[in-house]
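S.K.: okay, here's the prediction I keep looking at, along with the sequence it came from:
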Amino acid sequence: MTAQSLPVVAGNILESLQAHRLLTVQQLRALHTPAARLRWIQEVMARLVALELVSFVHAGGGARRVYYLTDHGHHALARPGQRPLRGGAAHAASALNAHTIAVNDVGLAFVTAARARGDEFGPLAWVHEIAHPIGTTPGRRAELVIADAMLTYLQHLKDGGMAFHYRFLELDRATQPTAALASKLARYARLHTYTTKNNKEPQWHQSYPVFPEVLVILTGAPTPALKRRAKTVLALCQADALLQRTPEVAVSIAVLDQLVEHGPWAEIFDRLGSDQPVPWTGDSA
């Protein structure tokens, strides 16, 4: 078996695995070949495994395979002069795999919605673990706020115009206290105002034309418990002095299962300062 015998979509699959670290065969099918039979994409993955470009672990000790790029796969995708990334075997086998897969479920929900609406949000439209400085610690080390992902979505408007949407993603698996989650969200208010000595404008201006809103997606517990968690987190954010002084930092929270089922344009997001659920943009779709 040779690389020449692979279908064209195999290259796209390798790029997605490089960008998103861990993906199931169901996620890969939905991203790249939604009209294909599941068996066909399984055969493609088997050929990539045979070529040692891809490997897999069994998620949660079950039968579901979680695929990742091997060192050989990373090397095959590296550009001339670029140092290849290493494979994700350790990460794939760790407790972090459920978190990464859930982040990719969020991305896939937006891919599916954009495809149905004629918008633009492709398989590479979200980037994992985006870090921004918000100050320094007493030891002069940089203090960071690290989003689980950054999403960039291009909406085609009915009047022929376009709207770019930028979102910080926080994926919460209900493993930390609600106060800790609210505290992290307040750090985005510090990001909004953070400047360096050499620049009077907030540093985020160097990366984004507008300040990205924050999407919090909850999973890891039954939906009623997650909805209560969302209400509590928003109440804590509403009372936070930093966020009160920075209304430009918009926060919306939804449950992952509802996002996957209904899509981001459904009125499933509880929003800071709003009494009614809204779509992910904060207004009517």
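M.R.: Done, it's in.
S.K.: give me every residue that touches Asn264.
M.R.: If you look again at residue 264, you'll see it is Pro, not Asn. Applying C-beta atoms under 8 Å, 6 or more residues apart in numbering, we find Pro264 in contact with 109-110, 113, 254, 279-280. Using the backbone N, CA and C atoms, a C-beta is placed for each residue, glycine as well.
S.K.: 7 Å instead, please
M.R.: Listed by C-beta atoms under 7 Å, 6 or more residues apart in numbering, the contact set of Pro264 reads 109-110, 113, 279-280.
S.K.: before we move on, what about Gly273?
M.R.: The contact partners of Gly273, by C-beta under 7 Å, 6+ apart, come to none.
S.K.: where are the low-confidence patches of the stretch 51-200 of the chain?
M.R.: 60-62, 81-95 (pLDDT under 70).
S.K.: before we move on, the earlier item: narrow the contacts of Pro264 to those in helices?
M.R.: Among the contacts of Pro264, the ones falling in helices (DSSP state H) are 109-110, 113.
S.K.: from those, which is closest to Glu261?
M.R.: Ala109 (9.1 Å; C-beta to C-beta).
S.K.: I'd like the distance between the closest residue to the closest one other than its chain neighbours and Tyr153.
M.R.: In this structure, Ala109 finds its nearest non-sequential neighbour in Leu259, 5.0 Å apart by C-beta to C-beta, 6 or more residues apart in numbering. Remark: distance between Leu259 and Tyr153 (C-beta to C-beta, to the nearest Å) = 14 Å.
S.K.: helices of the stretch 101-250 of the chain, residue ranges please.
M.R.: Using DSSP state H, counting those that start in this stretch, the helices of the stretch 101-250 of the chain run over 178-193, 223-239, 241-245.
S.K.: among those helices, which is the most enclosed?
M.R.: Mean neighbour counts were compared across the helices of the stretch 101-250 of the chain using mean count of other C-beta atoms under 10 Å; the top stretch is helix 178-193, at a mean of 19.
S.K.: check which helices and strands that helix sits against.
M.R.: Contact here means 3 or more C-beta pairs under 7 Å, 6 or more residues apart in numbering; DSSP states H and E; on that basis helix 178-193 packs against strand 126-136, strand 142-156, strand 162-172, helix 223-239, helix 241-245.
S.K.: Val216 against Leu171, yeah?
M.R.: No - in this structure Val216 lies outside contact range of Leu171 using C-beta atoms under 7 Å: 8.1 Å.
S.K.: more neighbours: which of those two?
M.R.: Val216 (26 against 23; other C-beta atoms under 10 Å).
S.K.: tell me the pLDDT of that one.
M.R.: Reported pLDDT at Val216 in the predicted model: 98.
S.K.: okay, domains of the chain per the record?
M.R.: 3-93, 98-271 (automatic domain parsing).
S.K.: and Lys200, how many neighbours?
M.R.: Neighbour count for Lys200, taken as other C-beta under 10 Å: 7.
S.K.: before we move on, the earlier item: now render the helices of the stretch 101-250 of the chain as TSV, adding distance to Phe121.
M.R.: Converted to TSV, the helices of the stretch 101-250 of the chain look like this (distance: least, C-beta to C-beta, whole Å):
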stretch	distance to Phe121
helix 178-193	22
helix 223-239	24
helix 241-245	28
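S.K.: one step back: out of the ones in helices among the contacts of Pro264, flag the one nearest to Glu15.
M.R.: Phe110 (17.6 Å).
S.K.: tell me the contacts of the nearest residue to the closest one once chain neighbours are set aside?
M.R.: Excluding its sequence neighbours, the residue lying closest to Phe110 (C-beta to C-beta, 6+ apart) is Phe121, at 4.9 Å. Contacts of Phe121 were listed using C-beta under 7 Å, 6+ apart, and they are 110-111, 114, 153.
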